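> Give me the fold of what follows.
(one chain, ligands or ions: 1)
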Amino acid sequence: MSKKTAFITGITGQDGAYLARFLLDKGYRVHGLVRWDSYVDSAENLMRLKSLGIEKDDIILHYGDLTDAQNITSLIAKTKPDEIYNLAALSHVGVSFETPASVMDINTKGTLAILEAVKLLEMQKTAKIYQASSSEMFGSSPPPQNENTPFAPCSPYGVAKLASYWLIKTYRSAYGVFGVNGILFNHESPLRGDDFVTRKITRGVAAIEAGMQDTLKLGNLDARRDWGHAMDYVRGMWMMMHHDSPDDFVLATGQSCTVREFVELAFREIGITIIWKGAGIKEKGVDRETGKVLVSVDPALFRPKEVHYLLGNSTKAREVLGWRPQYTIPLVLKDMIKTDRTELRIEKALEEYNEPILAKKSPISA
Ligand code: F7E
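Below is the predicted model of the structure:
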């Protein structure tokens with residue numbers, strides 16, 4: 001049997017890296033789209049792939065940009081994928097308020113470029129498309145949210161993702177494209193960027209333990225999210241693509257907690273009990289034993305509009321696809337903090353090792 005071919009946009013991100021690993025293990029030939037910049041060949045850009053044991057020769061990377069429809073069309077024509085996973089996006093909801101136009105370009109027009117390419121190349125029968133839709137599309141709709149919940153996005157990111165969601169459904173019904181929307185609730189891992197709140201917290205806690213940071217500054221502590229593990233979610237993406245007919249599925253753990261509770265759980269991992277004092281922007285997270293302030297609120301991190309409560313109901317994916325998440329919030333957190341503690345211990349040891357060398361060097365540079 002010939003190898004299946006997958007084309008992943010966003011291959012260097014958290015989900016892209018886990019999906020590439022998953023597909024390589026299944027024997028796929030994996031192509032990935034990477035935007036050119038001076039980091040393309042650097043260890044930094046391929047860091048996530050490398051951490052999962054994927055070397056440059058294991059996959060085929062192509063320079064490109066989702067906003068360049070001609071480039072996308074020619075790459076799809078050249079690589080002839082059986083499966084296209086559109087994971088590339090400007091994915092930070094807070095930043096989307098600062099850069100709404102590029103969010104629409106990347107997160108919406110990029111999806112359109114892929115759909116149009118498949119249509120123009122008459123690949124509807126051979127190339128399936130997975131679209132990374134998001135629970136942010138539910139926005140202010142009350143929980144629990146499932147495939148039938150009305151959408152009410154609260155950010156340019158949510159609006160752009162919703163437009164893509166509808167493009168997939170439209171091309172599915174109008175042109176027979178096999179396009180699926182995976183409506184994924186928050187999913188984290190040790191590969192998560194540290195601009196996202198879970199990683200910021202686990203890394204911050206590990207840095208405080210290592211004596212490399214004094215406090216953790218956060219925005220809205222009351223936001224409630226359904227946090228799962230990215231590894232469970234990429235498996236779900238593949239399962240959607242292998243269902244008989246294209247459809248839309250929610251992936252979620254069905255459990256949620258607030259940012260404040262996530263902070264408490266994270267500090268508990270290093271043996272610290274946090275108690276909360278004050279309210280609003282004056283609220284502080286204090287070490288019960290020492291009285292030291294370890295968490296404070298920074299209003300600069302508040303968003304112009306907030307999604308308060310996301311809690312997914314993934315019954316459809318569980319019943320139709322047989323998908324089950326293996327990780328719940330405490331297990332995701334443990335996986336992340338274990339990695340952060342190890343990395344920061346190494347970083348600290350290296351710093352201490354380098355200090356005498358730098359000290360010796362300083363008279364020369366003076
Ligand atoms: O924020 C609050 C923040 O940036 C979670 C993306 O993958 O999931 C993610 O979007 C909550 C929000 O993720 C800080 O206000 C408090 O309420 O980790 P986040 P997100 O916005 O939920 C969805 C499903 C996606 O599709 C997105 O691509 O935490 N929060 N303090 C903070 N958030 C951040 N980033 N930093 C803080 O200091």
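> which helices and strands sit right next to the lowest-mean-pLDDT helix or strand in the chain?
Scoring the helices and strands of the chain by mean pLDDT, DSSP states H and E places helix 329-365 at the bottom, with a mean of 81. Helices and strands touching helix 329-365, by 3 or more Cβ pairs under 8 Å, 6 or more residues apart in numbering; DSSP states H and E, are helix 197-209, strand 228-229, helix 259-269. No exception for glycine: its C-beta is placed from N, CA and C like everyone else's.
> so which of these comes closest to the ligand?
Closest to the ligand of the helices and strands packed on helix 329-365 is helix 197-209 (Cβ to the nearest ligand atom; 3.6 Å).
> re earlier: for the helices and strands packed on helix 329-365, give me a markdown table that also has mean pLDDT and mean neighbour count.
Shown next, in a markdown table, are those (pLDDT from 0 to 100; neighbours: other Cβ atoms under 10 Å):
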| stretch | mean pLDDT | mean neighbour count |
| --- | --- | --- |
| helix 197-209 | 97 | 23 |
| strand 228-229 | 98 | 26 |
| helix 259-269 | 98 | 20 |
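> Redo the ones you listed as JSON lines? Include distance to the ligand.
Shown next, in JSON lines, are the helices and strands packed on helix 329-365 (distance: least, Cβ to the nearest ligand atom, whole Å):
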{"stretch": "helix 197-209", "distance to the ligand": "4"}
{"stretch": "strand 228-229", "distance to the ligand": "10"}
{"stretch": "helix 259-269", "distance to the ligand": "5"}
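> any chance of those in CSV, with distance to Gly16 too?
Shown next, in CSV, are the helices and strands packed on helix 329-365 (distance: least, Cβ to Cβ, whole Å):
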stretch, distance to Gly16
helix 197-209, 16
strand 228-229, 16
helix 259-269, 25
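> Just read off the phi/psi values of Ala6.
phi -120, psi 150 (degrees, to the nearest 10).
> Count the residues that sit near it.
Applying other Cβ atoms under 10 Å, we find 28 residues neighbouring Ala6.
> tell me the contacts of it?
By Cβ atoms under 8 Å, 6 or more residues apart in numbering, the residues touching Ala6 are 23, 28-31, 81-85.
> again, but for Val234
Contacts of Val234 (Cβ under 8 Å, 6+ apart): 15, 18-19, 22.
> If I look at it, what pLDDT would I see?
Val234 is assigned a pLDDT of 98 by the prediction.
> what about it, which SS state?
Secondary structure, DSSP: H, G, I helix; E, B strand; the rest coil: Val234 is helix.
> Could you report the distance from it to Phe22?
Relative to Phe22, Val234 is positioned 5 Å away (Cβ to Cβ, to the nearest Å).
> Then Gly64?
Distance from Gly64 to Phe22, by Cβ to Cβ: 22 Å.
> Relative to the ligand, how far out is Gln326?
Using Cβ to the nearest ligand atom, to the nearest Å, Gln326 is found at 19 Å from the ligand.
> Next one: the closest residue to that residue other than its chain neighbours from Leu46, what distance?
Once flanking residues are discounted, Gln326 sits nearest to Asp232: 5.7 Å by Cβ to Cβ, 6 or more residues apart in numbering. Between Asp232 and Leu46 the distance is 24 Å, computed by Cβ to Cβ.
> Kindly report the same for Tyr28.
The value you get for Tyr28 to Leu46, if Cβ to Cβ is used, is 18 Å.
> Using CSV, list the CA coordinates for stretch 329-340.
This file holds the C-alpha atoms of stretch 329-340, laid out as CSV (Å, rounded to 0.1, in the frame of the first residue of the first chain):
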residue,chain,number,x,y,z
ILE,A,329,-6.5,19.4,33.9
PRO,A,330,-4.3,18.0,36.8
LEU,A,331,-2.5,15.6,34.4
VAL,A,332,-1.9,18.3,31.8
LEU,A,333,-0.5,20.6,34.5
LYS,A,334,1.7,17.8,35.9
ASP,A,335,3.2,17.1,32.4
MET,A,336,3.9,20.8,31.9
ILE,A,337,5.4,21.7,35.2
LYS,A,338,7.6,18.6,35.2
THR,A,339,9.2,19.8,31.9
ASP,A,340,9.5,23.4,33.2
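> and that stretch, which residues are buried?
Under the neighbour-count criterion of 16 or more other Cβ atoms under 10 Å, stretch 329-340 has 329, 332-333, 335-337, 339-340 buried.
> Tell me the gap between that stretch and the middle of its chain.
15 Å (Cα atoms, centre = their mean, to the nearest Å).
> Need the residues that contact that stretch.
188-190, 192, 198-199, 202-203, 205-207, 227-229, 253, 255-257, 262, 265-266, 269-270, 327.
> Same question for stretch 16-26.
Taking Cβ under 8 Å, 6+ apart as the rule, stretch 16-26 contacts 4, 6, 8-11, 30, 32, 48-49, 51-54, 58-59, 85, 87-88, 189, 191, 230-231, 234-235, 237-238.
> can we see that at 6 Å?
The contact list for stretch 16-26 (Cβ atoms under 6 Å, 6 or more residues apart in numbering) reads 6, 8, 10-11, 30, 48-49, 52, 54, 85, 87, 191, 230-231, 234.
> can you list the residues of this protein near the ligand?
Counting by Cβ under 6 Å from any ligand atom, the residues of the chain close to the ligand are 91, 93-94, 134-136, 185-186, 195-197, 200, 218-220, 223, 225, 259, 301, 303, 306.
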